[in-house]
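Chemist: model the structure of this input:
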Amino acid sequence: MKYTVVIHKDIQEGGYWGECPELPGCYTQGESVDELMMNMKEAVALYITED
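Modeler: Residues are numbered from 1 along each chain as shown. Model (predicted):
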């Protein structure tokens with residue numbers, strides 16, 4: 001299944017943070033967009049397997 005990821009640039013701290021609007025509370029961050037997306041894949045997997 002595919003999910004939308006909204007990416008935000010963190011102006012104050014540097015790096016990026018992202019959220020998955022279809023999964024409330026599913027957020028993560030990374031120093032680069034690539035790192036953010038790797039972290040988001042892990043966050044989504046954990047979110048959907050959580051009971």
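Chemist: every contact and neighbour count from this point should use C-alpha atoms.
Modeler: OK.
Chemist: so who does residue 23 touch?
Modeler: Contacts for residue 23 (C-alpha atoms under 8 Å, 6 or more residues apart in numbering) come out as 44, 47.
Chemist: that one and residue 42, how far apart?
Modeler: Counting by C-alpha to C-alpha, to the nearest Å, the separation of residue 23 from residue 42 is 13 Å.
Chemist: likewise for residue 9?
Modeler: Applying C-alpha to C-alpha, the value for residue 9 to residue 42 is 20 Å.
Chemist: the more surrounded of the two?
Modeler: Ranked by neighbour count (other C-alpha atoms under 10 Å), residue 9 and residue 42 place residue 9 first, with 16 against 12.
Chemist: contacting residues around the residue lying closest to the more buried one once chain neighbours are set aside?
Modeler: Excluding its sequence neighbours, the residue lying closest to residue 9 (C-alpha to C-alpha, 6 or more residues apart in numbering) is residue 16, at 4.5 Å. When contacts are counted by C-alpha under 8 Å, 6+ apart, residue 16 is found next to 7-10, 29-33, 36.
Chemist: kind regards, and thank you for your time.
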